[in-house]
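Asker: build me a structure from this.
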Amino acid sequence: MNLRVKELTGGLPVDVNSECCASRGILEHVTSRWAVLVLAVLLDGTHRFSELRRAVGGVSEKMLAQTLQTLEQDGLVLREAHAVIPPRVDYTLTPLGEEAARQVWALARWAESRVPEVLAARAAHAEAKAATGAKTAGAAAR
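Answerer: Numbering: from 1, shown residues only. Sure, this is the predicted structure:
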């Protein structure tokens with residue numbers, strides 16, 4: 001572990017399976033529902049707040065603001081306020097943010113492509129659980 005990493009982590013190992021690893025918080029931030037979608041939209045380039053809000057269906061203004069703030073704090077998004085009237089704020093990915101966005105976008109695309117299989121698995125699981133429940137209820141009634 002290099003000296004800077006050791007200093008930033010308090011000497012703790014960088015291992016996502018470790019309970020106190022900082023990477024868990026990062027993973028939580030980049031894989032949150034809204035962060036994945038915001039990062040994906042920003043892969044197309046710089047956007048204003050209102051453009052992001054329109055592009056990310058269903059996100060509230062509050063959640064979008066919180067998500068952008070978190071991504072900015074993590075060094076994934078750059079917020080640039082322009083001194084014009086009306087005020088203009090642009091959001092763009094940093095190089096680190098672009099790297100993260102490509103990773104989560106691949107996962108999102110995989111999820112889109114596997115909807116039928118996942119829905120079929122859910123239905124099969126529900127049927128199996130219902131059949132098991134019916135057998136258990138029948139045995140208890142005897």
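Asker: quick check on the closest residue to residue 100 other than its chain neighbours: phi, psi?
Answerer: Take residue 100 and drop its neighbours on the chain: the residue closest to it by CB to CB, 6 or more residues apart in numbering is residue 30, 4.9 Å away. All C-beta spots, glycine's among them, are computed from the backbone N, C-alpha and C. According to degrees, to the nearest 10, the main-chain angles of residue 30 amount to phi -80, psi -20.
Asker: give the buried residues for stretch 35-48.
Answerer: 35-42, 47 (16 or more other CB atoms under 10 Å).
Asker: pull the most distant pair out of these.
Answerer: Taking CB to CB, the two most distant members of the buried residues of stretch 35-48 are 36 and 47; they sit 15.5 Å apart.
Asker: pLDDT score for residue 23?
Answerer: pLDDT, residue 23: 85.
Asker: ok, it - how many residues close by?
Answerer: As a burial measure, the neighbour count of residue 23 was computed by other CB atoms under 10 Å and equals 13.
Asker: okay, and it sits in which element?
Answerer: If you go by DSSP states H and E, residue 23 is part of helix 22-30.
Asker: buried sites along that helix?
Answerer: For helix 22-30, a neighbour-count test (16+ other CB under 10 Å) marks 29-30 as buried.
Asker: so what would you say the end-to-end distance of stretch 71-82 is?
Answerer: The distance separating the two terminal residues of stretch 71-82, taken as CA to CA, to the nearest Å, comes to 20 Å.
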